[in-house]
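In: Got a sequence here, can you model it:
(one chain, ligands or ions: 1)
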Amino acid sequence: MSAHDVDLAIIGAGPAGMAAAATAAQLGLKTVLLDEQKGPGGQIYRSITQPAPADENILGKDYYHGRSLALALKNTSLDYRPGTSVWALDQDLTLSLSGNGQSQRIRPRRLLIATGAQERPVPFPGWTLPGVMTCGAAQILLKSSALVPTQPLILAGSGPLLLLIAAQLHRAGVAIEAILDTTPPRHYLAALKYLPGALRNLPLLAKGAGLLAELRRAGIRRITGVSELRALAGPDGTLGQVRFRQGKKAQTLSATTLLVHQGVVPNVQLSRSLNLSHDWDQLQQCWRPHTDSWGESSLPGLFVAGDGAGIAGALAAEAFGKLAALQIARQLNVISAQQRDQQSQRARRTLNQQRAIRPFLDALYSPAREFLLPADETLVCRCEEVTAGELRRLARDGCPGPNQAKAFCRAGMGPCQGRMCGLTVSQLMADERQVPNSEIGYYQIRSPIKPLRLGELADSAH
Ligand SMILES: Cc1cc2nc3c(=O)[nH]c(=O)nc-3n(C[C@H](O)[C@@H](O)[C@H](O)COP(=O)(O)OP(=O)(O)OC[C@H]3O[C@@H](n4cnc5c(N)ncnc54)[C@H](O)[C@@H]3O)c2cc1C
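Out: Next comes the predicted model:
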């Protein structure tokens with residue numbers, strides 16, 4: 001495809017990308033939608049065109065909302081390419097793609113990154129043992145293959161998704177031994193000051209209360225105020241026990257699966273690879289690309305929308321995707337500013353309403369210190385096996401930030417390219433050096449940001 005054949009390329013077919021693609025294509029923009037998954041949906045609506053569980057009650061009503069978004073893609077001239085990874089971006093908006101074993105480059109007039117969120121890495125002693133995985137990973141297996149984890153099963157962590165996934169597994173017939181809630185009790189008080197904003201989204205508050213009631217009715221034990229979480233190996237080297245403390249009391253439970261979760265954070269690999277300007281979000285304890293209210297980033301013509309621009313949930317992502325598409329249509333002179341403003345009113349209202357509850361949720365479910373700044377013996381970079389202690393020592397020895405630490409200990413240089421350790425490395429070094437996260441910075445992300453075959457790399461040179 002030659003340069004400028006495409007008006008808009010969108011990376012990610014979650015709610016943000018699907019809403020943007022449908023809006024842009026309906027307005028007549030020549031639009032390409034790329035996603036590495038084999039169907040549309042993103043994280044929340046994963047496998048929405050072919051959900052694996054037969055019983056719709058398991059995943060719940062919110063999940064099936066994704067059907068209307070996937071359907072809206074069908075009746076357009078959209079060029080939708082599933083199974084396609086974007087592994088590099090250039091400053092002139094050229095994308096390098098890999099799909100069906102082949103590499104290709106396209107250069108659209110405008111680019112929208114809608115690559116969403118990833119679960120926050122949860123480093124704690126024992127997190128690399130077989131049998132310990134994230135709640136999101138278990139949910140992916142449920143949505144795409146109707147598979148459930150082995151039991152006895154324990155869930156541990158904090159946040160609305162922890163409760164949702166516990167409820168979904170329970171509805172799928174899984175026996176849950178216990179939910180270990182690591183939300184520090186003082187966070188309830190800290191969140192109170194944000195309650196007026198939260199009250200603007202009563203349906204979401206009611207949903208949370210409904211999940212808690214459902215789990216209580218099911219008789220699932222929820223142990224609150226949990227700290228000092230440890231996963232311990234059994235005789236065969238896989239997970240055997242989970243140890244924790246509730247107040248002064250230490251407890252140990254047997255388990256073959258431990259699902260952990262400490263919220264989600266924006267996936268910034270692509271935006272970082274272009275050196276876009278990023279802000280440190282103190283309440284969400286993560287980085288997000290700096291954008292204007294339409295999603296345009298510090299690089300003109302490049303937009304970021306959805307959870308990748310700051311965590312606000314699926315309905316906000318859908319609304320933000322639409323707003324970005326309308327502004328892009330405006331910039332390409334397809335609609336007037338007045339048409340853009342008229343057509344964006346509902347999406348803007350939804351976005352504001354969905355964002356209003358975030359400070360409350362973020363203050364309540366901010367991860368406990370032990371997960372942000374793990375103990376010295378904990379592995380932080382799983383790929384290169386670098387511990388928290390080693391990173392602290394490097395900071396004490398004068399290493400100014402993550403990129404220099406990378407050169408000394410290889411943290412962030414493995415196959416995940418720092419996705420699983422980047423945040424923790426930055427936070428550990430900032431804490432040890434007693435400087436703000438904004439000063440310590442983040443890894444310089446380099447392409448290929450996704451694994452790529454040598455043949456595809458060679459193809460892309462032609
Ligand atoms: C594991 C997980 C499970 C979640 N489950 C729920 C849930 O059940 N309910 C809920 O309310 N919220 C859930 N969330 C929160 C969720 O992120 C939603 O808020 C929502 O999906 C965000 O929509 P989005 O469009 O911004 O991004 P996403 O839905 O995350 O979509 C991003 C898409 O980008 C694609 N992508 C990423 N990088 C590339 C690349 N380089 N090349 C090509 N494609 C790429 C991904 O494959 C993905 O399909 C979940 C989050 C995670 C991480």
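
In: how about the longest helix that the chain contains: buried residues?
Out: Longest helix in the chain, counting residues (DSSP state H): helix 337-356. Going by neighbour count (16 or more other Cβ atoms under 10 Å), the buried part of helix 337-356 is 340, 343-344, 347-348, 350-351, 353-356. (Each C-beta comes from the backbone N, C-alpha and C, glycine too.)

In: ok, now stretch 217-229?
Out: Using 16+ other Cβ under 10 Å as the test for burial, stretch 217-229 gives 220, 222-223, 226, 229.

In: just those now: which is nearest the ligand?
Out: I220 (18.3 Å; Cβ to the nearest ligand atom).

In: Can you give me the neighbour number for the closest residue to that closest one other than its chain neighbours?
Out: What sits nearest to I220 in space, not counting adjacent residues and going by Cβ to Cβ, 6 or more residues apart in numbering, is I176, at 5.0 Å. Close neighbours of I176, defined as other Cβ atoms under 10 Å, add up to 22.

In: hmm, back to that, the longest helix of the chain near the ligand at all?
Out: No. Judged by Cβ under 6 Å from any ligand atom, helix 337-356 and the ligand are separated, with a smallest distance of 9.7 Å.

In: Tell me which residues are up against that helix.
Out: 197-198, 200-201, 204, 312-313, 315-316, 318-320, 322-323, 326-327, 329-330, 335 (Cβ atoms under 8 Å, 6 or more residues apart in numbering).

In: circling back to that earlier point, nearest to A52 among the buried residues of helix 337-356?
Out: Nearest to A52 among the buried residues of helix 337-356, counting by Cβ to Cβ, is Q354 at 28.1 Å.

In: then the helix or strand bottoming out on mean pLDDT in the chain to PDB, C-alphas only?
Out: None of the helices or strands of the chain scores lower by mean pLDDT, DSSP states H and E than helix 454-460, at a mean of 79. Provided in PDB are the C-alpha atoms of helix 454-460 (Å, rounded to 0.1, in the frame of the first residue of the first chain):
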ATOM      1  CA  LEU A 454      13.800 -12.800  10.900                       C
ATOM      2  CA  GLY A 455      12.200 -13.400   7.500                       C
ATOM      3  CA  GLU A 456       9.500 -10.800   8.200                       C
ATOM      4  CA  LEU A 457      12.200  -8.300   9.300                       C
ATOM      5  CA  ALA A 458      14.100  -8.900   6.100                       C
ATOM      6  CA  ASP A 459      10.800  -8.400   4.100                       C
ATOM      7  CA  SER A 460      10.200  -5.100   5.700                       C
END
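
In: I'd like to know which elements that helix is packed against.
Out: Judged by 3 or more Cβ pairs under 8 Å, 6 or more residues apart in numbering; DSSP states H and E, helix 454-460 is in contact with strand 102-106.

In: The residue of the stretch 251-400 of the chain found nearest the ligand: neighbour count?
Out: Per Cβ to the nearest ligand atom, G306 is where the stretch 251-400 of the chain lies closest to the ligand, at 2.4 Å. Residue neighbour count, defined by other Cβ under 10 Å, stands at 35 for G306.

In: now the longest helix of the chain: mean pLDDT?
Out: Averaged across helix 337-356, pLDDT comes to 97.

In: I'd like the next helix or strand past it.
Out: Going down the chain from helix 337-356, the next helix or strand is helix 358-364, by DSSP states H and E.
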